[in-house]
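> The following comprises the amino acid sequence and a computationally predicted model.
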Amino acid sequence: PPQPLSTNPGTPQGPSASPFRNDKVASAVRFLKHPNVRTSTIRARMIFLEKKGLTSSEIAEALRQVDPNSAEYGLVAAGV
């Protein structure tokens, strides 16, 4: 029998579904671009975003959108 579709709004559905909650990623991008936030450590920023409910993948995507060439994005993308 076919499996029911998940009713969780954060769960991707279908082959072209995004694995990210775009609203959460957009909010994280705004947060990461704030001048006061940019002076904090990457770990402090990640902890804050994790407490806000973002996944590691969503945090990495937000960092990529802010600056794909940054060392921070490279570390997060590598799982460091």
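Received, thanks. Since the model is a prediction, treat every value here as computed from it, not as a measurement. Numbers count the residues shown, from 1 in each chain.

> Mind jotting down where the helices sit in the protein?
Along the chain, counting by DSSP state H, helices occupy 22-33, 35-38, 42-51, 56-66, 71-77.

> pLDDT on the second one, on average?
Confidence for helix 35-38, expressed as mean pLDDT, is 92.

> Equivalent analysis for the fourth one, please.
Helix 56-66 shows an average pLDDT of 91 in the prediction.

> Which other helices and strands does it contact?
helix 22-33, helix 42-51, helix 71-77 (3 or more CB pairs under 8 Å, 6 or more residues apart in numbering; DSSP states H and E). In this view, the C-beta of every residue, glycine as well, is placed from N, C-alpha and C.

> ok so, going back, next, format the helices of the chain as CSV and append mean neighbour count.
Compiled in CSV, the helices of the chain are given as follows (neighbours: other CB atoms under 10 Å):
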stretch, mean neighbour count
helix 22-33, 16
helix 35-38, 9
helix 42-51, 15
helix 56-66, 20
helix 71-77, 16
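
> Report the contact partners of residue 46.
Residues near residue 46 by CB atoms under 8 Å, 6 or more residues apart in numbering: 59, 76.

> Same question for the one 4 residues further on.
If you count contacts by CB under 8 Å, 6+ apart, residue 50 has them with 56, 59.

> what separates it from residue 59, distance-wise?
According to CB to CB, to the nearest Å, residue 50 and residue 59 sit 7 Å apart.

> Check residue 35 too.
In terms of CB to CB, residue 35 sits 20 Å off from residue 59.

> Residues contacting stretch 64-71, please?
With CB under 8 Å, 6+ apart as the test, stretch 64-71 has contacts from 25, 29, 32, 33, 63, 73, 77.

> For residue 37, which non-adjacent residue is spatially closest?
Nearest non-adjacent residue to residue 37, counting by CB to CB, 6 or more residues apart in numbering: residue 31, 5.9 Å away.
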